[in-house]
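Student: sequence plus predicted model, see below.
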Amino acid sequence: MHWQVTPYSYLLLVAAAMSAVLVFFAWRRRGTPGAETFALLMTGVCIWAAGYALELSGADLPTKIFWAKAEYIGIATVPVVWLAFALRYTGREGHLTPRNLALLSALPLITLLLAWTNEAHGLVWSSTRLSEGGPFPALEVDHGAWFWVHWSYSYLLLLVGTILLISMLTRSPNLYRKQNLALLLAVAIPWVGNGVYVLGLSPVPNLDLTPFAFLLSGMAIALSLFGFRLLDVVPVARANVLEGMADGVLVLDLQERVIDMNPAAERFLGCSARKSIGREFTGLVPNWSGLFERYHGQAGEIHEEVSLGKETERRAYELTLSPVVDRKGHSRGRLILLHDITERKRVEEEVRQLNATLEKRVDDRTAQLADRERQLEDLVGKLMTAHEEERRWLAYEMHDSLIQLVIAAQRYIQTFADTHPPGSKVRHGELDRPLELVRQTVQEGRRLVKGLRPTTLDDFGLVIAVRQRVEELQNEGWEISYEETLGGERLPPEVEITLFRVAQEALNNVQKHARTTAVCVALTQRGRRVRLEIRDEGRGFDPSAALAEQGPVERLGLSTMRERVVLLGGELEIRSIPGAGTSIVAEVPLPATFEAGGTDREGR
Amino acid sequence: MSPTRLLIVDDHDLMRESTQLMLEGEPDLEVVGEAVNGHHALELCRQLRPDLVLMDVRMPEMDGLTATRAIKEELPGISVLLLSVYESDDYRWEGASVGAAGYILKDASRQQLLEAVRKALSQSGEG
């Protein structure tokens, strides 16, 4: 190969190098829609320009023809890739199926094949020669039949692509004005270049300006694609931070269209950046359409809690809306930051529920305590009433028996004294009546004391005290049986006195109401519970009616007994059926501190 | 002059018995009947028309004060002397307000009792 380098060759090599830079540049940003296709387009331009540079530099015809053939790799592919870029950039990627691409590429492939085998058929170049007429030796050709097929096809594809891009530009919003202007330039340049070439207005005869035109076009596209993007000015490190953030970030323009969003935002909103960018934000999340209206014209940051997703997958976010301001202080759009607070909300809700549960427990416990307090007040009231009743009973007993007896005795003795002046004779038996009255007084006193508190209970315990009472009734003619399994065991004093009172009260009731003298008394211990049962075969009663109808003393008798048993943690059960007898059962647990046999009976 | 007719009212046998004992040996006083409660007393007053009733204050069914009021309303000519074990001015005043001629403790001496009886009778005689 012989070389004769021309200035135009350098120009074309620079163009090829710049195309290569654009390829590299685009490849780095292949995330941007159309960037990959753009890289391919620039690869084609690069090959074309480089091939052309070498063609121009070739000193002889074979060298020039060789590089002209090499050029065709670029020439054949650029129109197809141009159309592909236009389709992708205008969002018509759907048309770029492998089948369509194969169909579109078929003709250029044939062109390439024919160019490389031109010597055999002359379909691309019918004749080739070296022209020495211009400023440099140029390859002069006559085009063959196929060249015109290729030429028509190429311009058709170029035209279609141009129309697509222009139609998008007319629909595009104002914010992309600079971007669109650059793109319009990119679309126009190849046509201008072509026009210049076709009209023979090229400053240098025989120099094809098309590769330069495509280079300029490529630079304009690069500017349009990458130059005006807001976030492209952000350093890569910051971009990486943004990509890797757990919080969702969206950038909106002044028309509330999405300019950029990070993967977290894609995840939260459930839509890809590719599809969302350029769309109105409120179209992506219709639920939040009121958001901007609410804060319209409000300066500074705005915080609001929002939610996304359906039902169980619903998640809560804290949304921060802040203005994006450029260096000159002009508003350029808005930044939306989405912070997932679902977990925080869940924990807050848990804490709230725990609090509520706790409060309810406290309320319940307070209510229980209040209830218990009421019960205690009630019990104290009853015990006081019982105490008063007992005093009344005692006063009555003393008035009715003791005082009457003593007064009668006094009257007898006084009458005796009045009727027997000193020295007078006393008849035998004259003081028998007052003596008898005094004896009765003593007996009555004993009876009263025993009723108040049998000394047997203190000295000998429950078993013996009950036995004594049973024996008294047996002496009065009762058919009363007594069964006990406690033996010599002494129980805690409070248990003994309570059960004795129950026995006493129950037997008094039998005496007063049952109209029978057939009674069974049983005092047994099972485990740590002492059980007392008094069962009669008398006329019985309706327990509920009895409590309501009886006089205050009787009613107090039964209910006070029950209160005393309950106070020890036990139960009192009254079972009675009219006509079928009555059974009163008291069961009292022994206190935990009580040890069997702990009280020495002999020691008392 | 016929003896003064007395009616003894008390729910306790011993009291009626010992009251009668204390009045024995007084020729001008004659016990014509004994009643065990207020109702009974009123009934016997209607029948026997005694001059003086010796009335216990506390009795079942109808107490002495209620009975006194009834007797004084229906038979104002009959005098009533109240007897009680209770030393209390309230009973005295209450007794006076229902028309009783006197109030005396049951443990009073025979002498005091006889004086009280005669005083009650003289009051009614004056009235």
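Tutor: Now that the structure is in, tell me what you want to look at. Numbers count the residues shown, from 1 in each chain, chains lettered A, B, ... in the order given.

Student: so how far is the biggest helix by length in chain B from its chain's centroid?
Tutor: If you go by DSSP state H, chain B has its longest helix at helix B:110-126. Mean-position distance between helix B:110-126 and its chain equals 11 Å (Cα atoms, centre = their mean, to the nearest Å).

Student: helices or strands up against it?
Tutor: With contacts taken as 3 or more Cβ pairs under 8 Å, 6 or more residues apart in numbering or on different chains; DSSP states H and E, helix B:110-126 sits against helix A:404-419, helix B:13-23, strand B:52-56, strand B:79-84, strand B:102-105. C-beta here means a position set from N, CA and C on the backbone, and glycine is covered the same way.

Student: between strand B:79-84 and that helix, find me the angle.
Tutor: Inter-element angle recorded for helix B:110-126 and strand B:79-84: 150 degrees (by axes from the mean of the first three to the mean of the last three Cα atoms, to 10 degrees).

Student: picking up where we left off before, pick the most buried one from the helices and strands packed on helix B:110-126.
Tutor: For these, the largest average neighbour count (mean count of other Cβ atoms under 10 Å in any protein chain shown) is found in strand B:52-56, namely a mean of 27.

Student: what average pLDDT does stretch A:507-520 get?
Tutor: For stretch A:507-520, the mean per-residue pLDDT is 86.

Student: residues of that stretch that come out buried?
Tutor: Within stretch A:507-520, the residues that count as buried by 16 or more other Cβ atoms under 10 Å in any protein chain shown are A:507, A:509-510, A:513-514, A:516-517, A:519-520.

Student: so which residues on chain B come close to chain A?
Tutor: Residues of chain B lying close to chain A (Cβ under 8 Å from any Cβ of the partner chain) are B:12, B:14-15, B:17-19, B:21-22, B:24-25, B:58, B:85, B:106-107, B:109-111.

Student: where does the prediction get shaky in chain B?
Tutor: Applying pLDDT under 70 to chain B picks out residues B:1, B:124-127.

Student: where in the stretch 1-150 of chain A is pLDDT low?
Tutor: In the stretch 1-150 of chain A (pLDDT under 70), the answer is A:1, A:31-33, A:133.

Student: residue contacts, residue A:57?
Tutor: A:3-6, A:9 (Cβ atoms under 8 Å, 6 or more residues apart in numbering or on different chains).

Student: quick one on the thing from earlier: redo the helices and strands packed on helix B:110-126 as CSV? Include distance to residue A:127.
Tutor: Formatted as CSV, those follow (distance: least, Cβ to Cβ, whole Å):
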stretch, distance to residue A:127
helix A:404-419, 167
helix B:13-23, 170
strand B:52-56, 167
strand B:79-84, 166
strand B:102-105, 169
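
Student: and the residue positioned nearest the centre of chain B, how far from chain A?
Tutor: Centroid-nearest residue in chain B, with Cα atoms, centre = their mean: residue B:54, separated by 1.6 Å. Separation of residue B:54 from chain A (Cβ to the nearest Cβ, to the nearest Å): 13 Å.

Student: just give the closest residue to that residue, not the sequence neighbours.
Tutor: Nearest residue to residue B:54, sequence neighbours excluded (Cβ to Cβ, 6 or more residues apart in numbering or on different chains): residue B:8, at 5.0 Å.

Student: what pairs with that neighbour across the strands?
Tutor: residue B:34, residue B:54 (DSSP bridges).

Student: from residue A:402, how far off is it?
Tutor: To residue A:402, residue B:8 is 22 Å away according to Cβ to Cβ, to the nearest Å.

Student: the more surrounded of those two?
Tutor: residue B:8 (24 against 17; other Cβ atoms under 10 Å in any protein chain shown).

Student: can you pull the pLDDT of residue A:531?
Tutor: Looking at residue A:531, its pLDDT reads 95.

Student: isn't it up against residue A:586?
Tutor: Yes: between residue A:531 and residue A:586 there is a contact at 7.3 Å, judged by Cβ atoms under 8 Å.

Student: quick check: neighbours shared by those two?
Tutor: When contacts are counted by Cβ under 8 Å, 6+ apart, residue A:531 and residue A:586 have no shared neighbour.

Student: which helices and strands sit right next to the helix or strand containing residue A:153?
Tutor: For residue A:153, the enclosing helix or strand under DSSP states H and E is helix A:145-171. Counting by 3+ Cβ pairs under 8 Å, 6+ apart, the packing neighbours recorded for helix A:145-171 are helix A:61-89, helix A:98-116, helix A:177-198.

Student: got TSV for those helices, with distance to residue A:354 too?
Tutor: Converted to TSV, the helices and strands packed on helix A:145-171 look like this (distance: least, Cβ to Cβ, whole Å):
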stretch	distance to residue A:354
helix A:61-89	56
helix A:98-116	60
helix A:177-198	56
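
Student: quick one: closest of those helices to chain B.
Tutor: helix A:177-198 (114.9 Å; Cβ to the nearest Cβ).

Student: neighbouring contacts of the next helix or strand after the closest one?
Tutor: Tracing the chain C-terminally past helix A:177-198 and defining elements by DSSP H and E, one meets helix A:210-222 next. Applying Cβ under 8 Å, 6+ apart, the contact partners of helix A:210-222 are A:11-12, A:15, A:18-19, A:22, A:25-26, A:38, A:41-42, A:45, A:48-49, A:52, A:74, A:78, A:85, A:182-183, A:185-187, A:189-190, A:192-194, A:197.

Student: helix A:210-222 to helix A:145-171, inter-axis angle?
Tutor: Orientation note: helix A:210-222 sits at an angle of 20 degrees relative to helix A:145-171 (the same axes, to 10 degrees).

Student: pLDDT of helix A:210-222, averaged?
Tutor: Helix A:210-222 shows an average pLDDT of 78 in the prediction.

Student: got the angle for that helix vs helix A:177-198?
Tutor: Using the same axes, to 10 degrees: helix A:210-222 against helix A:177-198 is 170 degrees.

Student: if we can go back for a sec, kindly reformat the helices and strands packed on helix A:145-171 as JSON lines containing mean neighbour count and distance to residue A:537.
Tutor: What follows is the helices and strands packed on helix A:145-171, written out as JSON lines (neighbours: other Cβ atoms under 10 Å in any protein chain shown; distance: least, Cβ to Cβ, whole Å):
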{"stretch": "helix A:61-89", "mean neighbour count": "22", "distance to residue A:537": "109"}
{"stretch": "helix A:98-116", "mean neighbour count": "15", "distance to residue A:537": "108"}
{"stretch": "helix A:177-198", "mean neighbour count": "17", "distance to residue A:537": "112"}
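
Student: turn those helices into CSV, columns for distance to chain B.
Tutor: Converted to CSV, the helices and strands packed on helix A:145-171 look like this (distance: least, Cβ to the nearest Cβ, whole Å):
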stretch, distance to chain B
helix A:61-89, 119
helix A:98-116, 122
helix A:177-198, 115
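
Student: sorry, back to before: contacts for the longest helix of chain B?
Tutor: Residues contacting helix B:110-126 (Cβ under 8 Å, 6+ apart): A:411, A:414-415, A:418, B:4, B:6, B:19, B:22-23, B:26, B:29, B:51-52, B:54, B:77, B:79-81, B:101-102, B:104, B:108.

Student: mind running it again at 6 Å?
Tutor: Identification of contacts with helix B:110-126 by Cβ atoms under 6 Å, 6 or more residues apart in numbering or on different chains yields A:414, A:418, B:4, B:22, B:52, B:79, B:81, B:101-102, B:104.

Student: how about stretch A:378-385?
Tutor: Applying Cβ under 6 Å, 6+ apart, the external contacts of stretch A:378-385 come out as residue A:563.

Student: what about it, distance to the chain center?
Tutor: 53 Å.

Student: in that stretch, what counts as buried?
Tutor: Neighbour-count burial for stretch A:378-385, counted by 16+ other Cβ under 10 Å, picks out residue A:382.
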